[in-house]
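[1] quick one: sequence plus predicted model below, questions after.
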Amino acid sequence: MAEEQNEKSIVASDDSDDDDSGNTESEQQTELSSILGKLSLGPKKEKKKLLVLSLSGLLLHRVHRKNFRKTPKNRSPDASCGPNLVYKRPFAEGFMKFCLERFEVGIWSSACEKNVDIVLNIVLDNLQDKLLFVWDQEECTDSGFKTLGNSGKPMFFKDLSKVFNYFKGFSASNTIFIDDEPYKALLNPDNTGLFPVSYDPADKNDNFLDPEGEFCSYLDDLANSSDVQEYIKEHSLVQPMIDSSHPDWPFYHKVLKNISNFAYDRLFYEV
């Protein structure tokens, strides 16, 4: 009997040790999982800012084949798009890769959709699927006026509020609008736009889009800035925005007033 009791006590003791060991291992695993979880989280990754780019004038030059005055004589076109000749800007692909590494990128053209699709295939090759969006004339705001430089060209605006409404999380503080025609940003918040001079395909030394150049260095600083509007206000580059100091402000003010009246009338009748 004594021997049986000793055996039972030994077995009971062994069972007890197994239970303690299980609890200890479970606690260690829980603690380890917690540590690994914290390590995997790491520092919170900051969301990329948004870059909204135009096509013609920035990434390429597009001209009607009958417009001999604007057709460069020292080079051949890279492609054609209907009646238009297309001249791809030097460093265009490298510039796009540079931008996609640092920003969310959207393309917004004032051309018709079918022309935008064709031109994108020419300029961006296999990068289209990396874009956040591709917008065309359909998303632009028609002012009802013609441009000052071309009486046959409709004046379209690119209203960033449409972008902000569609893509939540983006605002004037983290969005950069780039277009060679400053009037297209007239409906946008101040200090959200950059307006480089239009690309001249006859300029063989054009290196504006060079990823190692001044403009890309500026964009790199913008990508790392805390606030887009503050940075652009303090660090001017390229053409200024159109405001009351512009020599053609009376004309643009008239256009804006007409847009405001139209929006008010539409709101009144909808109500």
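    Perfect, I can see it now.
[2] helices of the protein, start to end?
    Ranges of helices within the chain are 2-41, 92-102, 113-123, 160-166, 214-223, 228-234, 249-270, based on DSSP state H.
[3] leaving out the residues flanking it, which one is nearest to residue 179?
    Nearest residue to residue 179, sequence neighbours excluded (Cβ to Cβ, 6 or more residues apart in numbering): residue 54, at 4.2 Å. Bear in mind the C-beta positions are built from the backbone N, C-alpha and C, glycine included.
[4] how close does that neighbour get to residue 258?
    24 Å (Cβ to Cβ, to the nearest Å).
[5] then residue 146?
    13 Å.
[6] likewise for residue 204?
    42 Å.
[7] which residue of the two possesses the greater neighbour count?
    residue 258 (13 against 10; other Cβ atoms under 10 Å).
[8] what is the burial count for the nearest residue to that one once chain neighbours are set aside?
    Closest residue in space to residue 258, ignoring its immediate chain neighbours: residue 144 at 6.4 Å, by Cβ to Cβ, 6+ apart. Using other Cβ under 10 Å, residue 144 has 11 neighbouring residues.
[9] how about the one 4 residues further on?
    The local packing count at residue 148 equals 12, with neighbours defined by other Cβ under 10 Å.
[10] so it makes contact with residue 251?
    Yes: between residue 148 and residue 251 there is a contact under Cβ atoms under 8 Å: 6.4 Å.
[11] now the strands: where do they sit in the stretch 101-250 of the chain?
    103-108, 133-135, 141-146, 154-157, 175-178, 193-194 (DSSP state E, counting those that start in this stretch).
[12] which of the ones you listed is buried the deepest?
    Of all those, strand 193-194 has the most neighbours on average by mean count of other Cβ atoms under 10 Å, namely a mean of 26.
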